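Sequence isn't available, so here's the structure alone:
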């Protein structure tokens, strides 16, 4: 596939900037928390940040589709679809923990070609795009080589997110050197930066993982579902990412053993 056009990268960066302005304004201000139908929390910051991004996309590319966590679907069958999660890690956000982030993905004919993870409080940003190397704070990012589960560091947002596949996760968890929880999208950034080796999650939606695909792959890693299949708009919610392709196979073997 050809390189991701620079014009899309430019817009994605401006979307992250705009969302960050909103997130920083509300962070640690004691704003009200609303419980959604699925019992997950949301705030005015989530909704305002997404709406700002949606308006920018509609202004510049009115023919593009949008899938957002807070404001739903718009032209989802378009050739280009932007997938937005204004605050991934809302629980961290409302607790004043700066491990949340804005996730922005662009999908072209079902394939994620661009992704951003932006942490607006710390000021960290990962950018991945087809045909380009992933960058972290403007410099090339690279996953680290770890080929043994015994030496691996594993990230997951919660040990309780795997439902009936919890025993599979436990099989992997007990095989690695170190496990850390509570990372949300920040864990994928650390994977791309070479500070972790595996990220495993369950129960995710497309806005939770599509941005990470070009970021992890552009840094030399692998991000798939638990069956090793490529991720798209209609993938299931069980995700596994690894910094080393050999390690990825070992992780998937544990998850499916």
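Yep, it's here. Bear in mind that the values here come from a model prediction, so they are computed numbers and not experimental data.

Now do the helices in the protein.
For the chain, the helices defined by DSSP state H occupy 6-26, 44-60, 90-94, 166-173, 185-192, 206-209, 212-218, 245-255.

Looking at those, which is nearest to residue 79?
helix 6-26 (12.3 Å; Cβ to Cβ). For glycine as for every other residue, the C-beta is placed from the backbone atoms N, C-alpha and C.

what packs against that closest one?
If you count contacts as 3 or more Cβ pairs under 8 Å, 6 or more residues apart in numbering; DSSP states H and E, helix 6-26 packs onto helix 44-60, strand 80-88, strand 101-108, strand 111-119, strand 124-129.

Put together CSV for the helices of the chain, with mean neighbour count and distance to residue 131 on each row.
Conversion of the helices of the chain to CSV gives the following (neighbours: other Cβ atoms under 10 Å; distance: least, Cβ to Cβ, whole Å):
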stretch, mean neighbour count, distance to residue 131
helix 6-26, 18, 11
helix 44-60, 19, 21
helix 90-94, 21, 32
helix 166-173, 17, 32
helix 185-192, 28, 17
helix 206-209, 23, 21
helix 212-218, 27, 9
helix 245-255, 18, 19
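
and those as TSV, adding distance to residue 237 and mean pLDDT?
As requested, the helices of the chain are arranged in TSV below (distance: least, Cβ to Cβ, whole Å; pLDDT from 0 to 100):
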stretch	distance to residue 237	mean pLDDT
helix 6-26	23	97
helix 44-60	19	96
helix 90-94	17	94
helix 166-173	13	98
helix 185-192	15	98
helix 206-209	8	97
helix 212-218	13	98
helix 245-255	14	98
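
which residues touch residue 110?
Neighbouring residues of residue 110 by Cβ atoms under 8 Å, 6 or more residues apart in numbering: 232-233.

residues near the residue nearest to residue 229 when sequence neighbours are not counted, how many?
In space, residue 229 comes closest to residue 235 once its chain neighbours are excluded; the distance is 7.1 Å by Cβ to Cβ, 6 or more residues apart in numbering. When neighbours are counted by other Cβ atoms under 10 Å, residue 235 registers 19.

Correct me if wrong: residue 235 contacts residue 225.
Yes - using Cβ atoms under 8 Å, residue 235 is in contact with residue 225, at 5.3 Å.

Count the neighbours of the nearest residue to residue 226 once chain neighbours are set aside for me.
In this structure, residue 226 finds its nearest non-sequential neighbour in residue 238, 4.3 Å apart by Cβ to Cβ, 6+ apart. By other Cβ under 10 Å, 22 other residues sit near residue 238.

What are the phi and psi values at residue 238?
Backbone torsions for residue 238, taken as degrees, to the nearest 10, come to phi -100, psi 120.

Roughly how far does it sit from residue 208?
Distance, residue 238 to residue 208, using Cβ to Cβ, to the nearest Å: 11 Å.

that older thread, check contacts around the residue nearest to residue 229.
206, 209, 225, 229.

What is the nearest of those residues to residue 159?
Among those, residue 209 lies closest to residue 159 (Cβ to Cβ), at 18.4 Å.

Surely that closest one touches residue 225?
No - using Cβ under 8 Å, residue 209 is not in contact with residue 225; the gap is 9.2 Å.

Overlap in contacts, those two.
Both residue 209 and residue 225 are in contact with 231, 235, 239, where contact means Cβ under 8 Å, 6+ apart.
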